[in-house]
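Student: just coords:
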Ligand SMILES: [Zn+2]
Ligand SMILES: [Zn+2]
């Protein structure tokens with residue numbers, strides 16, 4: 001299975017997961033034009049997209065949904081517990097819901113509940129029977145279940161939103177800082193590092209770790225990258241050799257990981 005971040009960050013998120021029979025998107029922030037632009041860079045048209053899976057109703061994850069409903073006939077899946085909030089936010093009517101693990105074409109779709117200030121936010125894991133891609137972002141904490149959820153994956157997209165010192169010393173109002181730092185906010189670099197460490201202690205599957213939802217105001221891609229690389233080095237794992245580490249950016253499509 002292949003994973004590409006089309007874009008990732010506080011302004012908008014969209015990830016492409018490809019298997020033998022399916023090309024699916026997770027989230028669709030920003031605009032349909034932006035999604036098409038990034039797909040075109042990969043010589044793909046939107047017609048090849050088999051479904052869109054939404055994590056939660058925040059704008060940076062759903063803002064292209066109304067355009068999708070209007071111009072593209074593509075199934076949109078939202079967890080039953082979050083569907084109403086997505087419907088109310090986007091006014092979209094054609095939303096399919098699910099409440100447990102299900103099969104979509106050649107993909108087994110699993111979800112896990114994230115701790116976030118949304119009606120319901122979930123992480124996704126797609127498996128084709130030989131490998132799996134896991135996406136966990138927009139969560140203020142990561143209990144053991146999330147570590148176990150990610151452990152079977154070959155490729156992981158994990159949030160590494162902010163550096164705590166940059167956030168505290170930065171310009172955000174106190175209330176917003178408190179929200180981001182809370183258990184219903186976003187994962188810091190340090191928290192992401194701890195999750196990576198726990199996943200790598202139990203898993204021999206992970207080949208690619210992509211850090212995403214990086215804050216443009218309270219983080220730097222280099223900080224997120226070296227934080228995780230240092231933790232891996234301390235475990236005797238070398239970046240580029242034992243495991244690949246990359247950072248998904250807002251303004252640039254990532255490489256494709258297999
Ligand atoms: Zn969110
Ligand atoms: Zn978000």
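Tutor: Now that the structure is in, tell me what you want to look at. In this text the structure is predicted, and so the values were computed from the model without any measurement. Ligands and ions are numbered 1, 2, ... in the order given.
Student: OK, contacts around residue 16?
Tutor: 2, 3, 4, 5, 6, 23, 24, 25, 39, 42 (CB atoms under 8 Å, 6 or more residues apart in numbering). To be clear about C-beta, it is placed using only N, CA and C from the backbone, and glycine gets the same treatment.
Student: could I get the pLDDT score of it?
Tutor: pLDDT for residue 16: 98.
Student: can you tell me how far residue 115 sits from residue 60?
Tutor: From residue 115 across to residue 60, the span is 17 Å (CB to CB, to the nearest Å).
Student: over to residue 24?
Tutor: 19 Å.
Student: please say which of the two ends up with more neighbours.
Tutor: Ranked by neighbour count (other CB atoms under 10 Å), residue 24 and residue 60 place residue 24 first, with 24 against 20.
Student: can you tell me the SS state at the more buried one?
Tutor: Here residue 24 is recorded as strand under DSSP: H, G, I helix; E, B strand; the rest coil.
Student: which residues touch it?
Tutor: 16, 17, 18, 49, 50, 51, 52, 53, 104, 107, 126.
Student: can you check residue 171 too?
Tutor: residue 217.
Student: repeat that for residue 29.
Tutor: So residue 29 contacts 7, 11, 12, 13, 14, 59, 60, 61, 62, 63, 64 (CB under 8 Å, 6+ apart).
Student: same thing but 6 Å
Tutor: 12, 13, 60, 61, 63 (CB atoms under 6 Å, 6 or more residues apart in numbering).
Student: distance of the second one relative to ligand 2?
Tutor: Residue 13 is 6 Å from ligand 2, where distance means CB to the ion, to the nearest Å.
Student: and the nearest residue in space to residue 183 that is not next to it in sequence, what pLDDT?
Tutor: The shortest distance from residue 183 to any non-neighbouring residue, by CB to CB, 6 or more residues apart in numbering, is to residue 140 (4.1 Å). pLDDT for residue 140: 96.
Student: what residues does the protein have near ligand 1?
Tutor: Residues of the chain lying close to ligand 1 by CB under 5 Å from the ion are 58, 138.
Student: what's the distance between the closest residue to ligand 1 within the chain and residue 137?
Tutor: As assessed by CB to the ion, ligand 1 sits closest to residue 58 within the chain, at 3.5 Å. The gap separating residue 58 from residue 137 is 11 Å, by CB to CB.
Student: highest neighbour count among the contacts of residue 29?
Tutor: residue 13 (31 neighbours).
Student: that one touches residue 27, doesn't it?
Tutor: Yes - using CB atoms under 6 Å, residue 13 is in contact with residue 27, at 4.6 Å.
Student: can you list residues touching both of the two?
Tutor: residue 61.
Student: in the stretch 101-250 of the chain, which residue sits nearest ligand 2?
Tutor: residue 138 (4.5 Å).
Student: ok, that residue - contacts?
Tutor: Residue 138 touches 114, 116, 121, counting by CB under 6 Å, 6+ apart.
Student: which one (most neighbours) among the residues you listed?
Tutor: residue 121 (28 neighbours).
Student: tell me the pLDDT at that residue?
Tutor: At residue 121, pLDDT is 98.
Student: who does it form a beta bridge with?
Tutor: residue 114 (DSSP bridges).
Student: what's the answer for residue 109, then?
Tutor: If you apply DSSP bridges, the partners that residue 109 bridges to are residue 102, residue 126.
Student: count of neighbours near it?
Tutor: 19.
Student: same deal with residue 95?
Tutor: Considering only other CB under 10 Å, residue 95 is surrounded by 19 other residues.
Student: show me the contacts for it.
Tutor: 76, 78, 83, 87.
Student: compare those residues and tell me which is most surrounded.
Tutor: Top of the contacts of residue 95 by neighbour count (other CB under 10 Å): residue 78, with 27 neighbours.
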